[in-house]
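Novice: test case, fold it:
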Amino acid sequence: MLKECFKIKEADFVLADIFAALKNKISGKNIKIVFPEGLDERILTAVSRLTEENLLQPILIGDETEIEEKAKSLNISVAGAKIYNPANYSGIEELVQSFVERRNGKVTEEEARKLLLDENYFGTILVYKGEADGLVSGAAHSTADTVRPALQIIKTKQNVKKTSGVFVMVRGEEKYIFADCAINIAPTSQELAEIAIESAKTAKMFDIDPRVAMLSFSTKGSATSQETEKVAKAVELAKEMAPDLILDGEFQFDAAFVPSVAEKKAPGSVIKGDANVFIFPSLEAGNIGYKIAQRLGNFEAIGPILQGLNAPVNDLSRGCNAEDVYKLAIITALQALA
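Specialist: Next comes the predicted model:
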């Protein structure tokens, strides 16, 4: 029991160090993050802390009186946050026009006006218009309710077809990126290549110099199937798209991570058992993989962090606490700087 307590304390110290470094990167930059769920007490508690620490400029969505009364009942202040109510927002007509144009006529003005009364759609259009730099939602909404408006309005970056979800895996001084562990069930070769490149960018945000391994149950053709060929093709595409990125595959995990195994199985590779960004061939593999590392390997899992959008949008778990909101807001602000 005492040993477990020491492990927990050590993990807490490591995460504290990581987030201290992240906070230094965003402090004083006046990054505006919108929180559509303005009446949720976890959101309000986190927003109060973020403003007290002067880390970012929060924007809460909802009725100003109701939000202030809710904050007062929690004995916290949200005086440092801006509060926008979709029902009486002075610039709503401009937002409606922008929404219609962005959707290329797929919605009418009347439909857009109705949709923008939804806090997630309203918050997302603020990000698109540059009124906010990023969005954090999901404490009281499903992932679909959070991500759908982002895909429709903010959309994915050029040369990126789909957003993806990464975890930063942390244990002591070790830091690794695992992807995709949250979004794409069966990514194609093209999508795997895009995930690899975006994951390398995410790694740099956390001061990880990316060395990317594309994972499979085969190493350099040791087995042949549609599944291994998909990963091998992804490696080719990723190298064409990002020739300066240190990336290779397909690898079994041990060949990507253990130098002695890499020397035997992939002697000519640029990855010599020293990969730190791991791209899984499917959501099934990625989700299982990060949870094994978390539960058996005692790694802390930071995420999921959504990547690939033109501006950062991140999805909370509905079981989150105020600390989770606080940390994801910091990560979202960091993404906005990238």
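
Novice: that's a helix at residue 260, yeah?
Specialist: Yes: using DSSP: H, G, I helix; E, B strand; the rest coil, the assignment for residue 260 is a helix.

Novice: please give me every residue in contact with it.
Specialist: Residue 260 makes contacts with residue 273, as judged by CB atoms under 8 Å, 6 or more residues apart in numbering. From N, CA and C alone the C-beta is placed, and that goes for glycine too.

Novice: how much space separates it from residue 218?
Specialist: 19 Å (CB to CB, to the nearest Å).

Novice: now do residue 140
Specialist: Counting by CB to CB, the gap from residue 140 to residue 218 is 43 Å.

Novice: what ranges do the helices span in the stretch 51-200 of the chain?
Specialist: 64-73, 92-102, 109-115, 119-128, 143-149, 189-205 (DSSP state H, counting those that start in this stretch).

Novice: could you do the stretch 201-338 of the chain as well?
Specialist: Going by DSSP H, counting those that start in this stretch, the stretch 201-338 of the chain shows helices at 226-241, 253-257, 259-265, 283-295, 322-337.

Novice: quick check: mean pLDDT of the shortest one?
Specialist: Spelled out, it's helix 253-257. On average, the pLDDT along helix 253-257 is 98.

Novice: please save the CA atoms from it in CSV.
Specialist: Coordinates of the C-alpha atoms in helix 253-257 are reproduced here as CSV (Å, rounded to 0.1, in the frame of the first residue of the first chain):
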residue,chain,number,x,y,z
PHE,A,253,6.2,-2.8,-31.1
ASP,A,254,9.4,-4.4,-29.8
ALA,A,255,11.2,-3.6,-33.0
ALA,A,256,10.2,0.0,-32.6
PHE,A,257,11.1,0.3,-28.9
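
Novice: what's the spacing between that helix and its chain's center?
Specialist: 25 Å (CA atoms, centre = their mean, to the nearest Å).

Novice: now swap in the last one and tell me
Specialist: What separates the centre of helix 322-337 from the centre of its chain is 9 Å, taken as CA atoms, centre = their mean.

Novice: just want the angle from that helix to helix 189-205.
Specialist: Angle of helix 322-337 versus helix 189-205, following axes from the mean of the first three to the mean of the last three CA atoms, to 10 degrees, is 100 degrees.

Novice: what pLDDT is listed against residue 7?
Specialist: 50.

Novice: kindly report the same for residue 2.
Specialist: pLDDT at residue 2 comes out at 45.

Novice: how about stretch 34-50: buried residues?
Specialist: Within stretch 34-50, the residues that qualify as buried by neighbour count (16 or more other CB atoms under 10 Å) are 34-40, 42-50.

Novice: stretch 140-154 now?
Specialist: 140, 141, 143, 145, 146, 147, 149, 150, 152, 153, 154.
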